[in-house]
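**Student:** sharing a model prediction with you, sequence too.
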Amino acid sequence: MLVFVAACIVAFALWVAALRKRAELAIGIAVGLALAAIASVTAPSFKTHEIPVWLPPLPFAVIACTLFFFGGLAWWWGSDDR
């Protein structure tokens, strides 16, 4: 419990530092935390046996497909510096 409290104090200190340096960053962090809190309350709780096998690697597949898509666009639109 003591480690959790210490981590919260450090996170709050970092947020205050972000607020002083860049207010937009601190506001984005606060909005993200609020949305995560709302999602954690409203989303149903999953048990481990209910998670499909394809779900854990899904973020990696989405990132790989996105990078492949933008790489294809860069190749297709390439520069005409010849």
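**Tutor:** Arrived safely. Numbers count the residues shown, from 1 in each chain.
**Student:** most centrally placed residue in the chain?
**Tutor:** G32 (8.9 Å; Cα atoms, centre = their mean).
**Student:** which element is that one on?
**Tutor:** helix 23-42 (DSSP states H and E).
**Student:** quick one: mean pLDDT over that helix.
**Tutor:** Helix 23-42 carries an average pLDDT of 91.
**Student:** flag the shaky bits of this protein, pLDDT-wise.
**Tutor:** 46, 79-82 (pLDDT under 70).
**Student:** show me where it has its helices.
**Tutor:** For the chain, applying DSSP state H gives helices covering 2-21, 23-42, 58-77.
**Student:** closest to E50 out of these?
**Tutor:** helix 58-77 (15.4 Å; Cβ to Cβ). Backbone N, C-alpha and C define where each C-beta goes, glycine included.
**Student:** and the helix holding G32 with helix 2-21, angle?
**Tutor:** Helix 23-42 and helix 2-21 are oriented at 140 degrees to each other (axes from the mean of the first three to the mean of the last three Cα atoms, to 10 degrees).
**Student:** save the helices of the chain as TSV, and put in distance to I51 too.
**Tutor:** Putting these into TSV (distance: least, Cβ to Cβ, whole Å) gives the following:
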stretch	distance to I51
helix 2-21	26
helix 23-42	16
helix 58-77	11
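**Student:** and H49, which of the ones you listed is closest to it?
**Tutor:** H49 lies closest to helix 58-77 among the helices of the chain, at 18.0 Å (Cβ to Cβ).
**Student:** so for that closest one, what gets flagged as buried?
**Tutor:** Using 16 or more other Cβ atoms under 10 Å as the burial criterion, none of the residues of helix 58-77 qualify.
**Student:** how much space between K21 and W15?
**Tutor:** 11 Å (Cβ to Cβ, to the nearest Å).
**Student:** now swap in L73 and tell me
**Tutor:** L73 is 37 Å from W15, where distance means Cβ to Cβ.
**Student:** go on, F60?
**Tutor:** If you go by Cβ to Cβ, the gap between F60 and W15 works out to 29 Å.
**Student:** V53 now?
**Tutor:** Per Cβ to Cβ, V53 is found 37 Å from W15.
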